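> this is a predicted model, with the sequence first.
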Amino acid sequence: MQQSPDLAVVRYGEAGIKSDKVRGQMLDRLAENVRAILDDRGIPGHVERHWSRLLIRPPEAGEFDADAAARAAADAFGVVSTRPAISTAPEADALAEAAVTLAADHPDGATFAVRANRAGSPETHPFTSQEVAAAVGAAIGDATGAGVDLDEPDRAYRLDVREDEAFVSAVEYDGPGGLPVGTQGKTVALFSGGIDSPVAAWELFKRGLEVVPVYLDLGDYGGPDHLARAVETAGTVARSAPHVDARLRVVPAGDLVDDLVDATGATRMLSLRRAMLRVAEAVAEDVGAHSVATGESIGQKSSQTGPNVRVTDAAATLPVHRPLLTRDKPEIVARAREIGTFVDATMNVGCERVAPDYPETNARLSAVEAAEPEDLFDRAEALADERYVVDGN
Ligand SMILES: Nc1ncnc2c1ncn2[C@@H]1O[C@H](COP(=O)(O)OP(=O)(O)OP(=O)(O)O)[C@@H](O)[C@H]1O
């Protein structure tokens, strides 16, 4: 009998509704990604890929902490939840014994429920999910004296019964959901390190993209504190995908910004955005990305009004992804807090200093083009070649 969880069960989401071929590829990738997270954090464990779950079992030699493995795997994009669990034979007595072991630390006065999920047939298991849940529930009740609350239990004991093996757990960690990173190609994200662009990068990772973050150093309008913040938040976002090259690419754009501020009036911010897209596209071409991305949200700022986004996008030749397009600021802030990028993101942003006092909110493309330097895009593309990499980890 095991005294504590001896493996971690990793449950995935959307990959499960794909065709068998795609699902198989996604699961291979997910297993690889979970291995990378465990390696990166120095957590031992052997990742097994099964059709409906990943399992993290003890390594051949050495200690194993199923709870640490489950917590780390819950950071992998594509994962819905993870559970440190006791592995048993798929038999009612063994399940009850394991559940009672886990109930040793059942909090006084806390209610519980047993949730059972069974994959197999009446031939393989002589019980239904409800029957085994009731039997295990009775054993937990006898051992702890705790009351059952099926609707809102303080603790849920989970029985995950497979054909040849079953897993019993009392703890579950939520994952981000989405798709495994690396299954949707690469995008280049304009990354200021403020509140929005780290969340946008995270959302893109969540949909399975490899994200290459690009930061434009705005010279006197930015500064080392802005760069440090971008490096730090890029490192935080990339923590869940440690095996992809998501180090911050820094582009020295101070001279370009100075010239834009000197030469351009109410539309200078839009010209800067257009130049940024061209920088991102040049990087995209080098790194093999199919798109570029920003943290813009419609109407959030003068440069992000509907008409102005149209003018900005006219500079782009690749698709421009804006995962936050329809999000309200409080939602974005809540996500930033959740993923750990908010704390360092509250300083005055460089772009705010570039903005004119009376910015254009309803720009016409022809007027913006007429006002901006003729060689703006050439300079932007050339700047991409001057980028350097900063590793935040
Ligand atoms: N210095 C920069 N380097 C790279 N991208 C930038 C930079 N400044 C802005 N961006 C891009 O432009 C978008 C809009 O920036 P802006 O500062 O106007 O708005 P924001 O909503 O405050 O964004 P953020 O919170 O991401 O800085 C950002 O989400 C980001 O994608």
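Everything's here; your move.

> switch to C-alpha atoms for all contacts and neighbour counts from now on
Noted.

> now the element after whichever helix or strand Ala31 is part of, going C-ward?
If you go by DSSP states H and E, Ala31 is part of helix 20-40. Once the chain leaves helix 20-40, the next helix or strand it forms, by DSSP H and E, is strand 46-49.

> buried stuff in that following strand?
Going by neighbour count (16 or more other C-alpha atoms under 10 Å), the buried part of strand 46-49 is 46-49.

> try stretch 290-302
290-299, 302.

> show residues contacting the strand ranked longest in the chain.
For the chain, the longest strand by residue count, based on DSSP state E, is strand 79-88. With C-alpha atoms under 8 Å, 6 or more residues apart in numbering as the test, strand 79-88 has contacts from 2, 4-13, 66-67, 69-71, 73-74, 94-95, 98, 165-180.

> with stretch 10-24 instead?
26-27, 51-56, 70, 73-74, 78-83, 177-179.

> and stretch 101-112, by the same measure?
Taking C-alpha under 8 Å, 6+ apart as the rule, stretch 101-112 contacts 3-4, 140, 143-144, 146-150, 153-157, 169-170.

> which ones among these map onto helices?
Assigned to helices by DSSP state H, the following of the contacts of stretch 101-112 qualify: 140, 143-144.

> give me the subset of those touching the ligand.
Residues of those in contact with the ligand (C-alpha under 6 Å from any ligand atom): none.

> with distance to Thr128, neighbour count and pLDDT as extra columns, can I get those residues in TSV?
Formatted as TSV, the ones in helices among the contacts of stretch 101-112 follow (distance: C-alpha to C-alpha, whole Å; neighbours: other C-alpha atoms under 10 Å; pLDDT from 0 to 100):
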residue	distance to Thr128	neighbour count	pLDDT
Ile140	18	28	97
Ala143	23	15	96
Thr144	24	18	96
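
> tell me the one of these nearest Val211?
Ile140 (46.5 Å; C-alpha to C-alpha).

> how about the closest one: what's its closest non-neighbour residue?
Val100 (5.5 Å; C-alpha to C-alpha, 6 or more residues apart in numbering).

> in which helix or strand does the one you found reside?
Here Val100 is assigned to helix 92-102, by DSSP H and E.

> quick one, that helix and strand 79-88 angle?
110 degrees (axes from the mean of the first three to the mean of the last three C-alpha atoms, to 10 degrees).

> list the buried ones in helix 92-102?
92, 94-102.

> out of the residues you listed, which comes closest to the ligand?
Distance ranking of the buried residues of helix 92-102 against the ligand, using C-alpha to the nearest ligand atom, places Leu102 first at 44.4 Å.

> pLDDT wise, what is the most far-flung residue of the chain relative to its centre at?
Centroid-distance maximum for the chain: Asp142 at 41.7 Å, with C-alpha atoms, centre = their mean. Note on Asp142: pLDDT of 96.

> and it, how far from Val148?
11 Å (C-alpha to C-alpha, to the nearest Å).

> per-domain residue ranges of this structure.
7-174, 186-389 (the TED database).

> is stretch 214-221 up against the ligand anywhere?
Yes: judged by C-alpha under 6 Å from any ligand atom, stretch 214-221 comes into contact with the ligand at 214-217.

> endpoint to endpoint, that stretch covers what distance?
With C-alpha to C-alpha, one end of stretch 214-221 sits 17 Å from the other.

> mean confidence score for that stretch?
Rounded mean pLDDT across stretch 214-221 is 93.

> which residues of the chain fall in helices?
With DSSP H as the criterion, the chain has helices spanning 20-40, 66-73, 92-102, 129-144, 196-206, 224-238, 254-263, 268-287, 306-313, 329-339, 350-354, 365-371, 376-384.
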